[in-house]
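Novice: predicted structure and sequence below. I'll ask about it afterward.
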There are 2 protein chains.
Amino acid sequence: MNVMNASPRRKELTRLAAQLFVQEGFDRTTVRMLAQEMGIKSGSLFHHFKDKQEILAAVIEEGTQNALMIARKALDECAAEPEVRLRAMVRAHLETLLTDRNAHVVALFEWRRLDPAASAHLSHLRDAYEALWVDVIDDALEAGLIHGDRFLVSRFVLGALNWTVRWYDPNGPRSPDDLADELVAMIMPTSA
Amino acid sequence: MNVMNASPRRKELTRLAAQLFVQEGFDRTTVRMLAQEMGIKSGSLFHHFKDKQEILAAVIEEGTQNALMIARKALDECAAEPEVRLRAMVRAHLETLLTDRNAHVVALFEWRRLDPAASAHLSHLRDAYEALWVDVIDDALEAGLIHGDRFLVSRFVLGALNWTVRWYDPNGPRSPDDLADELVAMIMPTSA
DNA sequence: CATTTACACTAGCGCTTGCTTGGTTACTCT
DNA sequence: AGAGTAACCAAGCAAGCGCTAGTGTAAATG
C-alpha cells in the first residue's frame, strides 16, 4: 500500500473523491462508488489509501494547503496598505473557494467526519490560514478602515465568504472578484 | 401508525432526533440510536414515524415554522423605520438560530438529505421566510441605510448570520443581541 | 362487558457497508 | 532473463443498516 506518498495517480483519485463527496456527502459515498468513479474495483482502492478516512483527510489537506499557498502569495505580491491587503485577502479567499470548490466544500462541511488524529494534524494547517486573516483584519481595524470587535468582524466576514459556496453560480454574470469588491464595499464605510 | 399528527410525544421525539442529528449527522444516526435516546426499541420508532426520512422532515419543518413565526412577530411589533426593521430582523434570525439551534443546524446542513417530496413541501416554508428578508433589505437599500446589490447583500448577511452556528458559544460573554448589533453596525456606514 | 386504539416489545429479513485476502498482470531495473 | 514492484481484480466476510411482521398490554371508547 502507498503510505502517505503523493503519486500523481493518488492526486487524481483525491480530486475525483472530492467531487463525489460534494455530490453525495462523505457518509453516503461508498467505497464502491469511489472505485467506479475512478475506473477501478472497490478492493483496489485500498492499495492507494489505507481506509476511507484517509481519502477524506487527503481531500481536505489538499484543499487547505492550496488555500494557504494562494493567500500567502496574494499577500506577498500586494502593497502594504491595509485596504489593499484586505481586498487581496478577500479575493484570494473567494478565488480558492470557487475554483478549488469541491475540496473546500468538503473541508467546510465534512470536517467533523475526520478521526481525531487527522483532525489534529489538519487543524494546524487551518490555524495557519486563519492567522493570516487575523493579521489583515487587525491592520484594517487599526487603520480605521472598518470598526467593531475584531473577533466578531472576522467571523462575520468569513461566514459571508464561506457561505458563497451554497449559492454562487460560476456560470452567472458575477465573477468572484465582483463578489469580493461588493463585500469589501459593504463593510467599509468610506466607500459611500 | 401516527400519520402526520402532532402529538406531544412526537414533538418530544422530534426534539431528541434534532439533537442526535446535530451530534452525529443524519446519515450516521441510526434508528437504533434514535430509539435508545428516546427510551424505546428501534421497532417502536416506526409507530411514530413512517420512516427515517420523515423524522428528518419533522425536525426541519418544526425549526422553519418557528423561524417564520418569530420573524413575523418581530416585524409586526416594531416600528416602520427601515433601520428598526432591519435590526429587528437580524435579531430575530439570531434568536431563532441560537435558541432553537439543533433544528436549525439540521435544516442548514442536512437539507439535501430530504427526499424530493419533503424538500418541495418545505421549500415553500423557506421561501416565505426569505421573502421577509428581501422586503427588509429592499427597504434598507431604498432608504440609503446600506448600499450595494440587493441580491449579494442579502446573501452576505444571511451567510454571516447562518455561519454563527459554527462558532457561537452561548456560554460566552456575548448575547445574540450583541451579535446582531455588531453586524448591523458593520454593514451600516452611518454608524461611525 | 366487548372492542378499539395507542404504544411498546421481540425477532429477524434482506441488503449494503468498509475492508481483507490471495492472486494476477504489466512494467521497470539490473 | 530474472527480480522487484506498483496497480489491479475476483470473491467474500463480519458487522451494521433500515425496516417489517407479529404479539402483548393497558387505557380509552362503544
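Specialist: Cool, the structure landed. These figures come from a predicted structure and were not determined experimentally.
Novice: contact residues of chain A facing DNA strand C?
Specialist: Chain A comes close to DNA strand C at residues A:Thr29, A:Thr30, A:Val31, A:Arg32, A:Ser42, A:Gly43, A:Phe46, A:Asp51, A:Lys52, A:Gln53, as judged by CB under 7 Å from any atom of the strand. The C-beta positions use only the backbone N, C-alpha and C, and glycine is treated the same way.
Novice: surely the fifth one touches A:Ala35?
Specialist: The one in question is A:Ser42. Yes. Assessed by CB atoms under 8 Å, A:Ser42 is found in contact with A:Ala35 at 4.2 Å.
Novice: the more surrounded of those two?
Specialist: Neighbour count, other CB atoms under 10 Å in any protein chain shown: between A:Ser42 and A:Ala35, A:Ala35 has more, with 17 against 14.
Novice: flag the shaky bits of chain A, pLDDT-wise.
Specialist: Of all residues in chain A, those with pLDDT under 70 make up the ranges A:1-6, A:190-192.
Novice: secondary structure element for the spatially most central residue of chain A?
Specialist: For chain A, the residue nearest the mean C-alpha position is A:His104 (3.8 Å; CA atoms, centre = their mean). Assigned by DSSP states H and E, A:His104 belongs to helix A:101-109.
Novice: what's that helix in contact with?
Specialist: Residues from elsewhere that reach helix A:101-109 (CB atoms under 8 Å, 6 or more residues apart in numbering or on different chains): A:15, A:18-19, A:21-22, A:26, A:56, A:59-60, A:62-64, A:66-67, A:96-97, A:162, A:165, B:109.
Novice: near chain B, which residues of chain A show up?
Specialist: Within chain A, the positions adjacent to chain B are A:25, A:27-28, A:109, A:112-113, A:146-149, A:152-153, A:155-164, A:166-167, A:174, A:179, A:182-183, A:185-187, A:189-192 by CB under 8 Å from any CB of the partner chain.
Novice: let me know how buried A:Pro173 is, in neighbour terms.
Specialist: Using other CB under 10 Å, A:Pro173 is surrounded by 6 other residues.
Novice: just A:Lys50 next, same as before
Specialist: 13.
Novice: distance of the residue nearest to the centre of chain A from B:Arg15?
Specialist: 33 Å (CB to CB, to the nearest Å).
Novice: again with A:Phe109
Specialist: 24 Å.
Novice: what about those two, which has more around it?
Specialist: A:Phe109 (18 against 15).
Novice: tell me how far stretch A:136-145 lies from the chain's centre.
Specialist: In terms of CA atoms, centre = their mean, to the nearest Å, the centre of stretch A:136-145 is set 24 Å apart from its chain centre.
Novice: what residues does chain A have near DNA strand D?
Specialist: Residues of chain A lying close to DNA strand D (CB under 7 Å from any atom of the strand) are A:Asn2, A:Ser7, A:Arg9, A:Ala35, A:Gly39, A:Ile40, A:Lys41, A:Ser42, A:Gly43, A:Ser44, A:His47, A:His48.
Novice: cutoff 6 Å now
Specialist: A:Asn2, A:Ser7, A:Arg9, A:Ile40, A:Lys41, A:Gly43, A:Ser44, A:His47 (CB under 6 Å from any atom of the strand).
Novice: redo the residues you listed as CSV? Include distance to B:Ala118, secondary structure and neighbour count.
Specialist: As requested, the residues of chain A next to DNA strand D are arranged in CSV below (distance: CB to CB, whole Å; DSSP: H, G, I helix; E, B strand; the rest coil; neighbours: other CB atoms under 10 Å in any protein chain shown):
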residue, distance to B:Ala118, secondary structure, neighbour count
A:Asn2, 42, coil, 13
A:Ser7, 43, coil, 10
A:Arg9, 40, helix, 13
A:Ile40, 36, coil, 14
A:Lys41, 35, coil, 10
A:Gly43, 36, helix, 10
A:Ser44, 37, helix, 11
A:His47, 40, helix, 11
